[in-house]
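*Asks:* I would like to see how this sequence folds:
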Amino acid sequence: MSPGRTKKRRLKDDLPEWSHGTITMALRSAMTAFQMFGLEASLDEMDRLGRIFAATPVNRKQLRRCRNRIAFAFPEWDEDRVEHVARGVWGHLFQLGAEMLYTPRLLSIDNWVRHVSFGKASEAFAEVLANRPVVLITGHFGNWELLGYALSVMGVPVHAVYRPLDLKPLDRWIRDVREKRGMKLVDKFGAVRELPLAMDRGALPAFVADQNAGDRGLFVPFFGRLTSTYKSVGMLAMQKNAAIICGSGVRSPRRGPDGVDLLHDHAKGRWTDTLGYRLDIHDVITPKDWADQPDPLFYITARYRWSIEKMVRTAPEQYFWMHRVWKSRPRHERLRRPFPENLKRKLLDLPWMDEAGVEQIVDQSARDTAELDRLGGDRLE
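*Replies:* Numbering: from 1, shown residues only. Next up is the predicted model:
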């Protein structure tokens, strides 16, 4: 731990162990009672409650940070649109809570087609069906749990990396719910050892890989700003010569207030209590794509982060903007040094980047360095 930095407190630090079971039972009872209202009514009410909560005094700081990040990512938006999307983030978050309760009951091998549909996915399925090594990637966007869950229902051996919950009884229950249809959960703290072995047995590891990776991550562009990103995804893909499929599960933006699910082309009339999600594939990164790159790991990491940016742009209100994704800063900013020439060359080597885009990142890096000076530290909000 760095000098001057305090250890982050976790829920289990504040609650005695004897209370964990009681709290878990209370939460499960409340969730069970909540299911009496039906999915559609629950989603409408949770969206309303989430938007109300977003504007409460207790959430003032988080909402402000959320607004600031959205405004940065979409500088062309006016204040009203930023505010609407920011509050919608909490509406979406509350809806996810309701959907988590219904998913095991609604999604099965017999009826998954009623609740989810696939966008353009032929290339991705070709990789899976060819029995070649594959790594699945998504972000905290849409319903990231649904993506792995739906594939597991269809018989794909998904191994999802996750962080165990602080309340052990609740964690056991969540694991049981998620693994009910065949998805296996892998503790993030043992994933480095377990996943390569699982891939040898034909498993598909799945990562939610958009959070801040700290000072040791690779800094690649995300909405025009350098962002610390996990190296482990690219390292695993290179080790196993695996393709990386970047996908998402997005709640249908076309679902109308009358309940008619326009997401599914074959839907007729009113389908009640449907999840209404579309599973999209945003990119498939194959070994041949990075084979001739001067820095394959940087290329893979930058490309999957770019894919996450593309998925967020399709429905910004379904992304977790409350995450401090730009908190950690690259070494040259922390040391107040000029932008490194070797990093600029790496950015220019990326096929989707041009000189104007790289200069935008360089200019933003200079502004971030100035902001660190103003804050007197090495972290952004």
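
*Asks:* quick one: low-confidence parts of the stretch 1-150 of the chain?
*Replies:* For the stretch 1-150 of the chain, residues meeting the criterion pLDDT under 70 lie at 1-37, 120-123, 126, 128-129.

*Asks:* what ranges do the strands span in it?
*Replies:* 116-118, 134-138 (DSSP state E, counting those that start in this stretch).

*Asks:* can you list contacts of the longest one?
*Replies:* By that I understand strand 134-138. Here strand 134-138 makes contact (Cβ atoms under 8 Å, 6 or more residues apart in numbering) with 127-128, 144, 147-148, 151, 158, 204-209, 233, 236-237, 240, 242-249, 304, 307-308, 311. From N, CA and C alone the C-beta is placed, and that goes for glycine too.

*Asks:* In stretch 84-93, which residues are buried?
*Replies:* Val85, Ala86, Arg87, Gly88, Val89, Trp90, Gly91, His92, Leu93 (16 or more other Cβ atoms under 10 Å).

*Asks:* mind listing which of those residues are in helices?
*Replies:* Val85, Ala86, Arg87, Gly88, Val89, Trp90, Gly91, His92, Leu93 (DSSP state H).

*Asks:* re earlier: can you tell me which of the buried residues of stretch 84-93 is nearest Ile361?
*Replies:* Val85 (23.9 Å; Cβ to Cβ).

*Asks:* Verify the stated contact: the closest one with Pro316.
*Replies:* Yes: counting by Cβ atoms under 8 Å, Val85 touches Pro316, with 5.4 Å between them.

*Asks:* Now the common contact residues for these two.
*Replies:* Common neighbours of Val85 and Pro316 (Cβ under 8 Å, 6+ apart) are Ile70.

*Asks:* Give the other helices and strands that the helix or strand Leu185 falls within contacts.
*Replies:* Here Leu185, judged by DSSP states H and E, is contained in strand 184-187. Applying 3 or more Cβ pairs under 8 Å, 6 or more residues apart in numbering; DSSP states H and E, one finds that strand 184-187 makes contact with strand 158-162, helix 191-200.

*Asks:* Render the CA-only coordinates of that strand in CSV, please.
*Replies:* Taking only C-alpha atoms (Å, rounded to 0.1, in the frame of the first residue of the first chain), the coordinates of strand 184-187 have been written out as CSV:
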residue,chain,number,x,y,z
LYS,A,184,-19.2,-21.5,-13.7
LEU,A,185,-18.0,-18.5,-11.6
VAL,A,186,-14.2,-18.1,-11.1
ASP,A,187,-12.9,-16.0,-8.2
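
*Asks:* Now do it: everything it contacts.
*Replies:* Contacts with strand 184-187, where a contact means Cβ under 8 Å, 6+ apart, come from 157-164, 175, 178-179, 194-195, 198, 203, 205.

*Asks:* By neighbour count, which of the residues you listed wins?
*Replies:* Counting neighbours by other Cβ atoms under 10 Å, the top entry in those is Pro205, with 28 neighbours.
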